[in-house]
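structure of the sequence below:
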Amino acid sequence: MSLNVLLADDDPTMRVLLSHVITQAGHAVTAMVADGEAAWEAWESSRAPLLILDWEMPRLDGLALCRRIRAAEQGNGPFVLIVTARDATEDLTAVLDAGADDYMSKPVTPDNLRARLRIAERRIEVSAARRAAEEELRKARYLAGIGETSLALQHEINNPLAALLSHAALIEHDMLDPR
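Next up, the predicted model:
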């Protein structure tokens, strides 16, 4: 699975390192920006399925950006990985409370990033399969509704028709009592 990745980090060296590992893993870095506002603009135009965001960036930090994206998404949100030098327990809680899917501490190693990319790939695949199954269920329910409506209509048409045909047969065989 090849993913489009939006990468936001204010450190140019970190952007190059992350970008290199991402492309080596078979993914495409569709946007590489240095601040949260630029990342927001890039995400609005591309809707990349995977975002790798530094926590501390100018103009809009990674957690605020994550919250903004979660508020704006319409059921098909991206996988968000926050990268940070912070590693206290309360920091992980803050990342998860902001709506991020994963967290990676700096210094980032290529092996660690590749593992996180595999986690993201799997989660994105599972989400896509879930959405496809939900769509199939919606279609099945729609078709079941049509079938139920057809049966109800058939019943409503057949009852009066049977009565008319019965009366016609009685009239034809002169079996109706005129009284």
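
tell me the contacts of the residue nearest to the spatial centre of the chain?
Nearest residue to the geometric centre of the chain (CA atoms, centre = their mean): Asn76, 2.7 Å. Contacts were defined as CB atoms under 8 Å, 6 or more residues apart in numbering; by that measure Asn76 touches Arg131. Yep, even glycine has a C-beta here, placed from its N, CA and C like the rest.

that's a helix at it, yeah?
No: according to DSSP: H, G, I helix; E, B strand; the rest coil, Asn76 belongs to no helix; its state is coil.

mind checking how far it is from Ala31?
Summarising the geometry, the distance separating Asn76 from Ala31, computed by CB to CB, to the nearest Å, is 18 Å.

quick check: longest helix in the protein by residues?
helix 110-172 (DSSP state H).

mind checking how far that one is from the chain centre?
Relative to the chain's own centre, helix 110-172 is displaced by 21 Å; criterion: CA atoms, centre = their mean, to the nearest Å.

start the count at 10, not 1, going forward
From this message on, residue numbering opens at 10, which makes the last subject helix 119-181.

which other helices and strands contact that helix?
Counting by 3 or more CB pairs under 8 Å, 6 or more residues apart in numbering; DSSP states H and E, the packing neighbours recorded for helix 119-181 are helix 21-33, strand 59-63, strand 88-93, strand 111-114.

need the distance between the two termini of stretch 111-119.
For stretch 111-119, the separation between the terminal residues is 16 Å (CA to CA, to the nearest Å).

run through who's touching it.
Contact with stretch 111-119 is made by 23, 26-27, 30, 33, 88-96, 100-101, 104-105, 121-122, 125, 128-129, as judged by CB under 8 Å, 6+ apart.
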